[in-house]
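A.B. asks: My questions concern the predicted model and sequence given below.
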2 protein chains.
Amino acid sequence: MPVRVLLVDDEPLVRAGLRAVLEAQPDIEVAGEAADGAAVIPLVRQLRPDVVAMDVRMPLLDGIEATRALLRTVAEPPKILVVTTFENDEYVYEALRAGADGFLLKRARPAEIVHAVRLIAEGESLLFPASVRQLAAEYGEGRGNRAVRAELERARLTEREAEVLRLMARGLSNAEIAARLVVGTETVKSHVSAVLAKLGARDRTQAVITAYESGFVAPG
Amino acid sequence: MPVRVLLVDDEPLVRAGLRAVLEAQPDIEVAGEAADGAAVIPLVRQLRPDVVAMDVRMPLLDGIEATRALLRTVAEPPKILVVTTFENDEYVYEALRAGADGFLLKRARPAEIVHAVRLIAEGESLLFPASVRQLAAEYGEGRGNRAVRAELERARLTEREAEVLRLMARGLSNAEIAARLVVGTETVKSHVSAVLAKLGARDRTQAVITAYESGFVAPG
DNA sequence: GCCCGCCTCCCCCGCCCGGGGGAGACGCTC
DNA sequence: GAGCGTCTCCCCCGGGCGGGGGAGGCGGGC
């Protein structure tokens, strides 16, 4: 029986690359893809993959939160392989603490990627290679610096913010959203600003685009 | 005869992704790969590709210098498609000034990537695609709410307006669209107003929503 | 020739939007 | 109790946005 892998990355190109590399192996199979951490849990329930190749930075729900959510809510969770671009990514250590089983750089050679997936699937831990060990030393146990924490909060929308984003994605103005939620327009502005900041969007249009591109809202 | 493409990117994963996407097309062929701009010139001489898909940021020789060197030293240079991660990358415009024929975001959908390579190969500039309607048809195929799409069809956007709507749906401001199309901001405002009127949208956000709902642009 | 659609650019103007602050109330955890 | 996060509301302020006009050039169709 082949190792079944779920790919989670917001860039279609990276997903295609991982798919190409992994499906070239007879003993590895790509079970599915997701463009954001928010889509992971239902997909895992549906597909029951052995391994989730999880990007760290994603627009709505990042790899850390998705990992936490997955391990918290799914009975027999898959192994989680964190895939990242940056060697010194502050996220990596957090993701591993959140329960990920290993991490992999995107610039790794195909053979390394394949090797990593096989090891993870077998239950081996790819934890704490040299660079990560260094990170662990730098950032110490619970005393994360402010920058890291701020970054961590960046991608996680609160319930209210998600609600506001949904209404933004239906074309409502701040005043209309305020009326709908029975709050003041200033309140809506606060939520909108928070959404823009967390999504890295410059204006509501870019936020709505992100909502569509991530699958947070679906057309039709 | 297929379009022959040379892939230049320092990340093997991205190369694998591009290869997977492009080789799925019968009329496109990957002639070779390079991991750095420094390797491009001899490879172009040896392989004679039609198109070079060139990353901007590379460790030894970046895409800008590689483009300049290519156009300076090779007799009949291939078309150069700049591939980048960041939308607002200043390097992109520098690369275009250096003589690149177009640029493409890594987060682009496979259909867009394929389309871009074909257009570039045909000698079209990707900054000014000639038939936006064709794009709309391609992306709208089988997708989207039929009623909304019919409305969009009835609206009969001009080519320029469709182009502007496409850029709006990528999150660009009026000033950015003006820069991209090399026209004045007042001109863009005219087009945007026309688009809003024809789509019955109150603001650009609603217009972008209509674009998604109609399949004029598609997520993922 | 004339009209019309398209693309281009210009004016003025109102206003919503988004950034920068701050602050109080509530609930939760430690 | 102290601290934190969330939700709520407030201030000021600049700038982008969109409406409503107009206008010139250019091509095609009548």
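C.D. replies: Yes, it's here.

A.B. asks: Name the helix or strand of chain A that has the lowest mean pLDDT.
C.D. replies: helix A:146-154 (a mean of 29; mean pLDDT, DSSP states H and E).

A.B. asks: what mean pLDDT does the very next helix or strand once past it have?
C.D. replies: Once helix A:146-154 ends, the next helix or strand along the chain (criterion: DSSP states H and E) is helix A:159-168. Average pLDDT, helix A:159-168: 88.

A.B. asks: which residues are contacting helix A:159-168?
C.D. replies: Residues from elsewhere that reach helix A:159-168 (Cβ atoms under 8 Å, 6 or more residues apart in numbering or on different chains): A:157, A:176-177, A:180-181, A:188, A:191-192, A:194-195, A:198, A:204, A:207-208, A:211, A:216-217, B:205. Quick note: C-beta positions are derived from backbone N, CA and C, even for glycine.

A.B. asks: DNA strand D next: which of these are close?
C.D. replies: Of the residues in those, proximity to DNA strand D by Cβ under 7 Å from any atom of the strand holds for A:181, A:191, B:205.

A.B. asks: Give me the nearest residue to the last one, chain neighbours excluded.
C.D. replies: By that I understand B:Thr205. Nearest non-adjacent residue to B:Thr205, counting by Cβ to Cβ, 6 or more residues apart in numbering or on different chains: A:Thr205, 4.8 Å away.

A.B. asks: Can you tell me the SS state at whichever residue of chain A sits closest to chain B?
C.D. replies: At 3.0 Å from chain B, A:Gly17 is the closest residue in chain A, using Cβ to the nearest Cβ. Assigned with DSSP: H, G, I helix; E, B strand; the rest coil, A:Gly17 falls in the helix class.

A.B. asks: State the number of residues packed around it.
C.D. replies: Counted with other Cβ atoms under 10 Å in any protein chain shown, residues neighbouring A:Gly17 total 28.

A.B. asks: tell me the SS of A:Val195?
C.D. replies: Following three-state DSSP, A:Val195 is assigned to helix.

A.B. asks: who touches it in this structure?
C.D. replies: Taking Cβ under 8 Å, 6+ apart, one finds A:157, A:161, A:164-165, A:168, A:201, A:207 in contact with A:Val195.

A.B. asks: That one and DNA strand C, how far apart?
C.D. replies: The gap separating A:Val195 from DNA strand C is 9 Å, by Cβ to the nearest atom of the strand, to the nearest Å.

A.B. asks: Check A:Met58 too.
C.D. replies: 20 Å.

A.B. asks: What is the burial count for that residue?
C.D. replies: 25.

A.B. asks: And A:Leu104, by the same measure?
C.D. replies: 23.

A.B. asks: Next: A:Arg160.
C.D. replies: The number of residues packed near A:Arg160 is 16, by other Cβ under 10 Å.

A.B. asks: Could you do A:Thr73 as well?
C.D. replies: 11.

A.B. asks: do A:Ala111 as well
C.D. replies: Neighbours around A:Ala111, by other Cβ under 10 Å: 10.

A.B. asks: swap in the one 3 residues further on?
C.D. replies: Using other Cβ under 10 Å, A:Val114 has 18 other residues around it.

A.B. asks: Please identify which helix or strand holds it.
C.D. replies: Per DSSP H and E: helix A:110-121 holds A:Val114.

A.B. asks: what does that helix contact?
C.D. replies: Outside helix A:110-121, the residues that touch it by Cβ under 8 Å, 6+ apart are A:3, A:5, A:18, A:21-22, A:24-25, A:27-28, A:50-51, A:53, A:79, A:81, A:101-102, A:104, A:108, A:126, B:12-13, B:16.

A.B. asks: Among the residues you listed, name the ones in strands.
C.D. replies: A:3, A:5, A:28, A:51, A:53, A:79, A:81, A:102, A:104 (DSSP state E).

A.B. asks: got a list of what the last one touches?
C.D. replies: The neighbourhood of A:Leu104, defined by Cβ under 8 Å, 6+ apart, consists of A:53, A:81-84, A:112-113, A:116, A:126.

A.B. asks: can you pull the pLDDT of it?
C.D. replies: At A:Leu104, pLDDT is 75.

A.B. asks: How about the fourth one?
C.D. replies: If you check A:Val51, the pLDDT there is 92.

A.B. asks: now do the second one
C.D. replies: According to the predicted model, the pLDDT of A:Val5 comes to 94.

A.B. asks: Pairing partners for it in the sheet, please.
C.D. replies: Counting by DSSP bridges, A:Val5 is bridged to A:Val30, A:Val51.

A.B. asks: tally of neighbours for it?
C.D. replies: Other residues close to A:Val5 by other Cβ under 10 Å number 27.

A.B. asks: That one against A:Val52, yeah?
C.D. replies: Yes. A:Val5 is in contact with A:Val52 according to Cβ atoms under 8 Å; the separation is 7.4 Å.

A.B. asks: hang on, the earlier thing: in the helix holding A:Val114, what counts as buried?
C.D. replies: A:110, A:113-114, A:116-117, A:119-121 (16 or more other Cβ atoms under 10 Å in any protein chain shown).
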